[in-house]
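1. just a sequence and a predicted model for now, questions to come.
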Amino acid sequence: QSSVTLEATGRATILRCISSGSVEITVPLNFWAGKRRTGPEKCSKDSVYEPATGRVLCQLEPCGAVEVDQAVKAAKLAFGYWSKMSGMERARVMIEAAHIIESNREEIAEMEVVNNGKSITEARLDVDSARLCIEYYAGLASTLAGQHVQLPGGSFAYTRREPLGICVGIGAWNYPFQIAAWKSAPALACGNSMVFKPSPVTPVTAVMLAEIYAKAGVPEGLFNVVQGGQETGSLLCQHPDVAKVSFTGSVPTGQKIMEMASKGVKPVTLELGGKSPLLIFKDSDLENAVRGALMANFLSQGQVCSNGTRVFVQKDIMPEFVKEVVKRTQAIEIGDPLLESTRMGALVSRPHLDKVLSFVDRAKKEGATVLCGGEPYVPSDPKLRGGYYMTPCVLGNCTDDMICVKEEIFGPVMSVLPFETEDEVLQRANDTSLGLAAGVFTRDVRRAHRVVEHLKAGSCFINNYNITPVEVPFGGFKMSGIGRENGQVTIEFYSQLKTVFVEMGDVDSLF
Ligand SMILES: NC(=O)c1ccc[n+]([C@@H]2O[C@H](COP(=O)([O-])OP(=O)(O)OC[C@H]3O[C@@H](n4cnc5c(N)ncnc54)[C@H](O)[C@@H]3O)[C@@H](O)[C@H]2O)c1
Ligand SMILES: C[N+](C)(C)CCCC=O
């Protein structure tokens with residue numbers, strides 16, 4: 001079912017093929033050996049919902065051991081061909097995949113919106129990030145090289161950078177298409193194959209990526225998608241033919257994955273949660289600091305791992321900062337995520353919305369002041385009434401010991417905290433077991449660099465927040481993760497070095 005709507009964006013009129021509440025997905029969502037596949041015959045199917053309306057969007061068929069094994073076998077076969085191709089040959093196919101993404105940008109973004117609930121404006125940027133990531137690693141594919149080391153007597157050694165084999169990717173629900181690309185692009189560039197498991201909450205767009213790779217000309221089975229939850233994920237991690245697991249999700253699941261991978265001494269990449277600090281000094285450009293705080297908290301309905309949810313503001317500027325931040329938070333347009341004018345769509349699921357709202361309730365009980373938002377929101381359009389909306393929230397009067405300040409909420413809830421000195425705020429900012437990201441706003445260049453040197457976080461922003469260019473490594477310190485995604489360094493997490501010793505003389509034996 002689909003309907004066609006025309007929507008004025010101010011600059012252009014977009015011909016939209018779908019509208020919220022109009023989509024029903026009946027095609028199979030698993031994909032291996034080059035085709036969409038149905039799940040096991042006798043599996044108990046799970047309903048997948050459209051966050052904007054609360055309607056059932058499709059049924060998830062979780063894969064069991066048999067299907068996981070079929071997908072792994074397909075990946076093994078494809079690895080045999082792909083790993084022997086040159087970097088240039090692999091790059092050509094990946095560039096073609098990037099072109100296909102570009103030509104289907106709108107369709108992919110719309111399906112992301114329908115399944116995830118985020119605004120179409122943001123979904124387009126996520127699709128762009130996925131495409132850029134594939135382009136970037138296509139560019140690096142032909143640069144993978146080893147080293148030549150001269151040894152005595154004309155002997156020498158050289159190193160070969162080789163792929164790992166079959167890599168498993170396991171994704172979270174907040175950036176479904178982007179996560180699938182951020183994992184597959186470096187894996188494929190290095191010559192690996194991949195079996196990817198999206199979150200059971202957002203199964204729709206990873207399989208679109210699988211079709212795109214297939215259309216671009218990768219060998220059958222190079223990128224496969226198996227659907228399911230923790231059981232399917234565990235089967236993948238424990239499969240003896242799997243060489244590596246790259247995971248994006250929560251800390252507790254990351255710990256389980258690391259434990260499972262340890263049984264086979266498999267390397268892991270873990271992109272986990274955060275409770276990141278944003279430090280705003282009194283010499284900041286206030287306009288930029290406010291914009292930064294909004295970008296640090298309200299993208300993707302606040303469901304962003306790197307969000308700077310602990311906003312530390314120097315006491316002297318607290319009143320003006322709070323006034324401006326509240327004014328702009330209240331002006332955020334909430335509603336149908338497929339409309340151009342919408343800036344905040346629906347949270348991903350009913351249970352998740354309830355969880356986020358309960359954090360706001362607990363914050364109130366602990367003495368925080370709700371400066372704005374934090375309420376369920378019911379749009380006026382009747383078709384959206386069953387959707388999972390809330391008003392973005394700013395909490396004042398917060399202290400470091402409150403649950404809202406200590407735990408990852410993963411929703412549109414910003415906690416504002418006053419501070420007086422640089423030493424004090426650094427100590428408080430680092431007082432967490434997490435360390436994904438951190439930000440500082442100041443006009444003092446020396447302070448900016450001094451502060452980031454002391455911040456214990458993998459991604460630090462000076463006078464900006466939540467930008468993730470694919471050329472730059474992204475990942476966490478402490479319990480926020482292991483390894484990096486994006487940037488050149490990620491090649492090291494999807495490949496291994498083989499050292500080859502070459503003797504040019506006789507064997508100098510001691511025996
Ligand atoms: N650091 C990052 O880059 C990043 C990005 C996005 C989200 N996240 C984090 O993800 C979390 C939200 O996502 P979520 O709720 O989907 O996380 P989650 O940990 O519940 O699930 C993530 C994935 O793991 C799978 N899974 C669950 N149990 C498993 C098991 N035992 N074995 C194998 N797989 C298993 C799930 O099915 C899903 O695909 C937040 O904590 C957020 O901070 C981190
Ligand atoms: C593109 N963002 C907004 C920085 C998100 C990165 C992925 C984390 O959830």
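-> Good, I have the coordinates. Ligands and ions are numbered 1, 2, ... in the order given.
2. which residues touch the host helix or strand of Phe501?
-> Per DSSP states H and E, Phe501 falls inside strand 495-502. Strand 495-502 has contacts (Cβ atoms under 8 Å, 6 or more residues apart in numbering) with 144, 146, 151, 155-164, 190-192. No exception for glycine: its C-beta is placed from N, CA and C like everyone else's.
3. how close does the residue of the stretch 401-511 of the chain found nearest ligand 2 sit to Gly117?
-> Of all residues in the stretch 401-511 of the chain, Thr468 sits closest to ligand 2, at 4.0 Å by Cβ to the nearest ligand atom. Applying Cβ to Cβ, to the nearest Å, the value for Thr468 to Gly117 is 20 Å.
4. cool, Ala180 as well?
-> Distance of Ala180 to Gly117, computed by Cβ to Cβ: 18 Å.
5. these two - which one has more neighbours?
-> Per other Cβ atoms under 10 Å, whichever of Ala180 and Gly117 has more neighbours is Gly117, with 31 against 26.
6. hang on, the more buried one packs against Tyr49?
-> No: contact criterion Cβ atoms under 8 Å: Gly117 and Tyr49 do not qualify, at 9.3 Å.
7. tally of neighbours for whichever residue of the stretch 301-450 of the chain sits closest to ligand 2?
-> Across the stretch 301-450 of the chain, the shortest distance to ligand 2 (Cβ to the nearest ligand atom) belongs to Cys305, at 3.7 Å. Cys305: 25 surrounding residues under other Cβ under 10 Å.
8. do you know the pLDDT at Ser3?
-> At Ser3, the model reports a pLDDT of 46.
9. correction: Thr490
-> pLDDT, Thr490: 98.
10. what do you get for Gly292?
-> pLDDT recorded at Gly292 is 98.
11. which pLDDT value goes with the closest residue to it other than its chain neighbours?
-> Spatial nearest neighbour of Gly292, excluding adjacent residues (Cβ to Cβ, 6 or more residues apart in numbering): Tyr465 at 4.5 Å. For Tyr465, the pLDDT comes out at 98.
12. got it, and Ala74?
-> On the pLDDT scale, Ala74 gets 98.
13. now do Glu375
-> Glu375 is assigned a pLDDT of 98 by the prediction.
14. residues in contact with the nearest residue to it once chain neighbours are set aside?
-> The shortest distance from Glu375 to any residue other than its chain neighbours is 5.1 Å, reached at Thr391 (Cβ to Cβ, 6+ apart). Contacts for Thr391 (Cβ under 8 Å, 6+ apart) come out as 334, 372-375, 377, 412.
15. how about the residues of this protein near ligand 2?
-> Taking Cβ under 6 Å from any ligand atom as the criterion, the chain approaches ligand 2 at residues 174-175, 299, 304-306, 466, 468.
16. contacting residues around the residue of the stretch 201-350 of the chain found nearest ligand 1?
-> Nearest residue of the stretch 201-350 of the chain to ligand 1: Gly233, at 2.2 Å (Cβ to the nearest ligand atom). Contacts for Gly233 (Cβ under 8 Å, 6+ apart) come out as 170, 197, 253, 257.
17. same for the lengthiest helix in the chain, what does it pack against?
-> Counting by DSSP state H, the longest helix found in the chain is helix 120-141. Judged by 3 or more Cβ pairs under 8 Å, 6 or more residues apart in numbering; DSSP states H and E, the packing partners of helix 120-141 are helix 87-103, helix 105-116, helix 176-189.
18. need these in JSON lines (columns: distance to ligand 1 and mean pLDDT).
-> JSON lines is the format used below for these (distance: least, Cβ to the nearest ligand atom, whole Å; pLDDT from 0 to 100):
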{"stretch": "helix 87-103", "distance to ligand 1": "20", "mean pLDDT": "98"}
{"stretch": "helix 105-116", "distance to ligand 1": "11", "mean pLDDT": "98"}
{"stretch": "helix 176-189", "distance to ligand 1": "7", "mean pLDDT": "99"}
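19. single out the most deeply packed of these.
-> Mean neighbour count (mean count of other Cβ atoms under 10 Å) peaks for helix 176-189 among those, with a mean of 29.
20. so what strands line up beside the following helix or strand past it?
-> Following helix 176-189 in sequence order, the next helix or strand is strand 193-197 (DSSP H and E). Strand 193-197 sits in its sheet next to strand 166-170 (parallel), strand 223-225 (parallel), going by DSSP bridges.
21. could you dump those into CSV with distance to Val245, mean neighbour count and mean pLDDT added?
-> Formatted as CSV, the strands paired with strand 193-197 follow (distance: least, Cβ to Cβ, whole Å; neighbours: other Cβ atoms under 10 Å; pLDDT from 0 to 100):
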stretch, distance to Val245, mean neighbour count, mean pLDDT
strand 166-170, 5, 27, 99
strand 223-225, 15, 30, 98
